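Trainee: predicted model follows, preceded by the sequence.
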Amino acid sequence: MKELHIDLKFHFCDLQELDAADRLLVQSACEMTATSYSPYSHFQVGAAIRLKDGQVFRGSNQENAVFPVGLCAERTAFFAASASAPGVPPVAIAIAAQTCGTFTAKPVTPCGSCRQALLEAETRFNQPIRVLLYGTEGVYIVPSVKSLLPLTFDGSEIA
Ligand code: THU
């Protein structure tokens, strides 16, 4: 039996260390937490996605009394981008979350469904999407969605 390893290399830095475009993207994600509709979880998530041509689309989590009907901030932002600028690849997404009126200390990380949705754009455009995860302790910078979803199912096996 062989043991196989999958490594995840990513960076952790202060918000101020990001370049201007990425810092703005994170700030946008932070702002968007204010638009969250989350009366059930009280977890306010904001996301902002930047496309290759510089356009930025933003979203926040939108909940519903029928829980599965709601949508995460990341997919709200990503689907808005995809619907408005269908041929333009995303290059970066930032995510932030507040709970009880304060931003999380640890960077917030996207759920599996959001990773899967974003992965398809990465695959389709052959363009990594940098993932910027904000917490008050610092920002994780992950180089691609694929690196957050190892042993990915990307549909390439379907005949
Ligand atoms: N949520 C997001 O919007 N993004 C994440 O990355 C994690 C979870 C939302 C879904 C739900 O509205 C609430 O946070 C609690 O799970």
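Mentor: Good, I have the coordinates.

Trainee: going by C-alpha atoms from here, please, whenever you check contacts or count neighbours.
Mentor: Fine.

Trainee: which residues of this structure fall in strands?
Mentor: In the chain, the strands defined using DSSP state E lie at 11-13, 43-51, 56-60, 90-99, 102-103, 130-135, 138-142.

Trainee: neighbouring contacts of the shortest one?
Mentor: Residues outside strand 102-103 that contact it (CA atoms under 8 Å, 6 or more residues apart in numbering) are 96-97, 135-136.

Trainee: what's the answer for stretch 49-67, then?
Mentor: By CA under 8 Å, 6+ apart, the residues outside stretch 49-67 that reach it are 25, 28-29, 32-33, 35-40, 44-48, 69-78, 80-81, 88-94.

Trainee: the ligand next: which of those residues are close?
Mentor: Applying CA under 6 Å from any ligand atom to those, one finds that 38, 45, 72-73 fall near the ligand.

Trainee: out of the residues you listed, which are inside helices?
Mentor: Within these, membership in helices is found for A73, as judged by DSSP state H.

Trainee: nearest to the ligand among the ones next to the ligand among the contacts of stretch 49-67?
Mentor: Distance to the ligand, by CA to the nearest ligand atom, is smallest for C72 among those, at 3.2 Å.

Trainee: distance check, the closest residue to that closest one other than its chain neighbours against L151.
Mentor: Closest residue to C72 apart from its sequence neighbours, by CA to CA, 6 or more residues apart in numbering: N61 at 4.4 Å. Separation of N61 from L151 (CA to CA, to the nearest Å): 27 Å.
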